[in-house]
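Visitor: Dropping a prediction and its sequence here:
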Amino acid sequence: MLRIFKLAKKFPSMKILLSAGVQTLMSMGDFVALLFLIICVFALMAQSFFGGTFMFDPDDGSLVAPEDYREKCPFGDGDKPICVPRSHFDTFLWSFITIFQILTGENWNTVMYDGMRATGWISVFFFLMVVLFGNFVILNLFLAILMSSFDEQRSKLHEAMESKRELSRATQVDQRWAWDSGALAVIPGRAQAGVSPRSGGSRFTTRFTEKFSWISRFELWGDQNKEACAKRCGERSCFFFSRDGEIRKACLALTAIPAFDHVIMVFIGFSSVVMAFENPLHDPNSTQVKVLEVLSTVFTVIFLLEVVVKMIALGAFCNYGDGRKAYLRSFENVLDFVIVIVSVLDSIQTWLLVGSSGGVIAVMKIFRVVRMLRPLRLISRSKNLKVVVKTILAAIPELRNLLVFSSLFFLIFGLLAVGNLKGSYHSCKDHMLEDYGFSRSPETTLMCIADTVVDSSSNVSWGIMSQSPGTCSSGREWQRRTKDTPICEVHCDSSSHPACQTSPWGYHVMRCSDCSEANCPESSQDLSRRDSCQQRCARHEYFCKGGGAECLEQCVAACICESSCWGLIEDAALCTEQGGKWVNLNQNFDNLLVGTIALFEISTTEGWVDVMLAAVDSRGPYLQPRRDANEFIGSMLFVAFMLIGSFFVLNLCVGVIIDNYNKQKKESDIHFVLVTDVQAAWMTQMKAIYLRRTFFTQVNVDRLGPSRQHRFRIITSAAFENLIMACIVIQLCLLMMVWQPRDSGGSLEVFLDSCNVFFIVVFHIECFVKLSALYCNYFREYWNVFDFICVLTSDIVAILEASIASDSTVNLSSLVNALRIFRIARLFRLVRVLKGLNKLLLAFALSVPKLFNVGLVMVLLLYLYAVLGVSLFAKVAYTGVGIYGPQANFRTFFQAISLLIRSMTGEGWNYIMHDLSKSQWYYESVLDKTCREMDLDSMDFASLDLNQDGYVDEPTECGSQLAFIYFISYTILVSFVILNLFIAVIFEGFEESRGSEPMEVITKCLENWERYDPFNTMYIPLSKALDFIDETSSTSTESSTWSCLKAAPRRDGRRLTQSRRFERKQTRSTARLFVLEGNCGRADAHSSEKGLEARPQFGLCAHCS
């Protein structure tokens, strides 16, 4: 397996990643030891607290006392009593594994609940300590140090690789100079005459030229060789329309109009919305389906005309030197072209090939899925979507290297798992997939073979076997001689036997010779295949180890018809002989592909404990699992994979995306990524004024009346603000005292209602006082608008509650409960007071445009995958035993959106994927459910829609292997890429919020200004202005002063040096600018009163902008 690492020789980028990963893991030895010690400490503590206490009655879940466990908890099929849960602390190994499970966050709350039942509520503090300290602190610190060390090692290796390349290039230049100057002698040999050593070129150059020679041929069609392009295509676009023709001139004029693309974008949006109403479960003869077909055809014609117009105007392949690329020279246009052509074919099938069938029609139905990609055309026409997609595409090279790097680890662990666990995840189940008990004594079971006639006309029989209770009146008895003699499980999905035409098939076992004769009669006559199977059975790893003619006969028969007859021995044979079903786990390691998919699933930490427990219980192929039969190897393999394959490799995806995001930000001219130019200008403006509409809500207070001046002093005082904040906090505490069910007539309820009314009155008084003091200026501040909405909402709630009390038939409780949320929303006003929260709010507000653009891409992907999911999986039948059911399905578009949002969070996405991938054999043999393709055009829809809602009530189609591609691609795109872009944006906003010290300087200047200019006249006398400058300079914090020092320009336009002796001087300059702004603001105020246009002035506010 280690030969895989030799691939790094051929790929330099992969070599850098691999070397960096290995060196990082080696350099992290001390911290890995610390993590191991912390887990051991928690494991020993848990073993001391909970050891021997996790015993619960399997019937009612009640706690079993240690002295009673021998009576109530018999030993099951293993070394543990049946009442001990799988996650426990009885031994150090399982205590270690359980603590590690809690650190990964997988079902940790279930373990905590067991601890509460065993030792009481005090155990909550232990589990919270493990989660908070172990998971949120230590594990994330480990990941942060790991990622930082990896980036450092990768940077060093990358620099070393670049220096090596530079040295190699310099050597090549020296060699070329030597050849040209004749300094090196020519080695004698059979060189061709007239060919110098340099003209022959290196072997690498020759191979490169031969490999990429198609590029030079392709460039004949591009801008590099216009003469060749003109020779091939001429001056006519599409070989027909000349440059001076009226048709081409009209097409060029049409494409030059911006409204043309805008109209097409509107039609794309409408067509995408229409696709959400398409559903394969609709009645194909209903009016809705017919209208949707007409609309789809109309949109197809419009988009086809767009393609024709652009191809005539720009040409199909050749560029004509007018600065615009040919239509099919752009990947976006190629995507549009493919989607339009597929839509045309779909329209032809819909209107001209109604009722047709055959291979061509089946292929066209498959390609119809491509039409669902039509929403992707919005990307090329929306700037908000394009900037995000451009950022993602720029990260593809790094993500590609990461994919190769992570695939190596997945491949290594996959090979290890396949080598140790192949065929070991099967177990004996019933039709509801519950554990099925069977007897292992004797080693074989006496069976009765019933020759059932399934086709009387051809006298075809079906030798089904069943357990013989002692007599076999309707058939003949047969029993395997040894436990390694195979018995065959019948798979009808690859058989044409008449018995396989019934539905459901049922789960059947047969003697392998009878199964082969019934399902593969032609193969039984193939002598070469028989000889090959005889040699294979003679050295089979599991079958017929003790030899025997009958055993070899059954083995050869199973080999001849291995597609329909699957041989079973040992416990697998006993299970099926006694009425059970030998069923494989969804995640298994029977081959490398399935094993790699299983590893990818558990790398998302979803269901990894179940896969680990199956490995812990495994005993080998064809053997029933037994609890803790392979506990050390089975557990440590997956613990190691979670540490390396999940925590390290997949977290590299976060690091790569964030690093690439920061790199693009540095390379950008405007230092903004994921935003359009308009959004970047808005962010610059908002950052300049720090989300303030104005620095002074009310100016020229001295001109107001005495009463209004008094009210203004009240609302601007710190005591008034603190009083309101205290009321908000007290109201929140009172809301915490409410519990359900509520006693409407109780004293506590009356007290809480009275307090609520009191606080409503207080907030109304606050609102009225501010309105009477500020008038319309009240709405110039965002927080005042927020307060007004909260007050207005409380009035609406009071009116609704009065309506409910007067008329009991009116049910508005849901609306009232929703509006009551605004009472809690007042708590956000604390952001206005707390500086740290204020910074975070500023960071979030400045990140809104980026989050909006990334959210648009995520919504587009959700929409696209929802439409695809409905088209692909709406007809899939419920399994009845999995997650895919009435609460999670693709039957309608909105249910598909809900399922995809759930899958985006990682909750049960892999179980839904497996439910949608089940084959026909799984439905009809294991689940005993009918599974057939549904052609609604040839079926009576009324019999399928009994509740008359326009949908098929119970679809009966089987799953599809496309579910794996669908969900894995969705998880990679949305969970790993898009959500990590959200993380990158939030990280950037947090980093920017830490550097917003100039905001503190402005706040301090405002506070001092209010004391020197209490009436906000925007004017300070010169004597006081100097005092204001000195006080602002002396009270400013060192960090704020230094941040202002770095950013504020002096009068001569130069930046101040980073010397500490200039800090006080610079703060004085900032305050001086503020004074100038105040005087200019006074002039602006006078100009505004006279109706003149206020001229923008330069001062502190303009400087910050």
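Guide: Now that the structure is in, tell me what you want to look at. Numbers count the residues shown, from 1 in each chain.
Visitor: okay, the residue sitting nearest the centre point of the chain: pLDDT?
Guide: When Cα atoms, centre = their mean is applied to the chain, the residue found nearest the centroid is Ser975 (1.4 Å). Per-residue pLDDT puts Ser975 at 86.
Visitor: hang on, it is in a helix, isn't it?
Guide: Yes: under DSSP: H, G, I helix; E, B strand; the rest coil, Ser975 sits within a helix.
Visitor: Buried residues in the host helix or strand of Leu593, which are they?
Guide: Leu593 is part of helix 592-603, with elements assigned from DSSP states H and E. Neighbour-count burial for helix 592-603 flags Val594, Gly595, Thr596, Ile597, Ala598, Leu599, Phe600, Glu601, Ile602, Ser603 (criterion: 16 or more other Cβ atoms under 10 Å). Bear in mind the C-beta positions are built from the backbone N, C-alpha and C, glycine included.
Visitor: So what touches it?
Guide: If you take Cβ atoms under 8 Å, 6 or more residues apart in numbering as the criterion, helix 592-603 is touched by 410-411, 413-415, 417-418, 587-589, 607-608, 611, 638, 641-642, 645-646, 649-650, 910, 964, 968.
Visitor: again with stretch 284-292
Guide: Val274, Phe277, Glu278, His282, Asp283, Leu936, Asp937, Phe941, Gly950.
Visitor: Past the helix holding Leu593, which element shows up next along the chain?
Guide: Criterion used, DSSP H and E; the element after helix 592-603 is helix 608-617.
Visitor: how about the helix or strand just after that next one: buried residues?
Guide: Next in sequence after helix 608-617, counting helices and strands by DSSP H and E, comes helix 631-641. Buried positions in helix 631-641, judged by neighbour count with 16+ other Cβ under 10 Å: Glu631, Gly634, Ser635, Leu637, Phe638, Val639, Phe641.
Visitor: these two touch, right, the last one and Phe413?
Guide: Read it as Phe641. Yes: if you go by Cβ atoms under 8 Å, Phe641 and Phe413 touch, sitting 5.0 Å apart.
Visitor: which stretches of the stretch 1-150 of the chain have low pLDDT?
Guide: By pLDDT under 70, the low-scoring segments of the stretch 1-150 of the chain are 1-14, 17, 21, 25, 147, 150.
Visitor: Show me the strands in it, by range?
Guide: Taking DSSP state E, counting those that start in this stretch as the criterion, the stretch 1-150 of the chain carries no strands.
Visitor: Same check on the stretch 351-500 of the chain?
Guide: Taking DSSP E, counting those that start in this stretch as the criterion, the stretch 351-500 of the chain carries its strands at 426-429, 447-455, 460-467, 476-478, 487-490.
Visitor: can you tell me which of those the model trusts least?
Guide: Lowest mean pLDDT of the strands of the stretch 351-500 of the chain: strand 460-467, a mean of 67.
Visitor: Phi, psi for Met934 please.
Guide: phi -110, psi 120 (degrees, to the nearest 10).
Visitor: cool, the one 5 residues further on as well?
Guide: Summarising the backbone geometry of Met939 under the convention degrees, to the nearest 10, its torsions are phi -120, psi 160.
Visitor: His282 now?
Guide: Taking degrees, to the nearest 10 as the convention, His282 sits at phi -70, psi 160.
Visitor: nearest residue to it other than its sequence neighbours?
Guide: Nearest residue to His282 in three dimensions, chain neighbours excluded: Val289, at 5.2 Å (Cβ to Cβ, 6 or more residues apart in numbering).
Visitor: Tell me how many other residues crowd the one you found.
Guide: Counted with other Cβ atoms under 10 Å, residues neighbouring Val289 total 17.
Visitor: Distance check, it against Gly950.
Guide: 10 Å (Cβ to Cβ, to the nearest Å).
Visitor: who touches both of those two?
Guide: With Cβ under 8 Å, 6+ apart, Val289 and Gly950 have common neighbours His282, Asp283.
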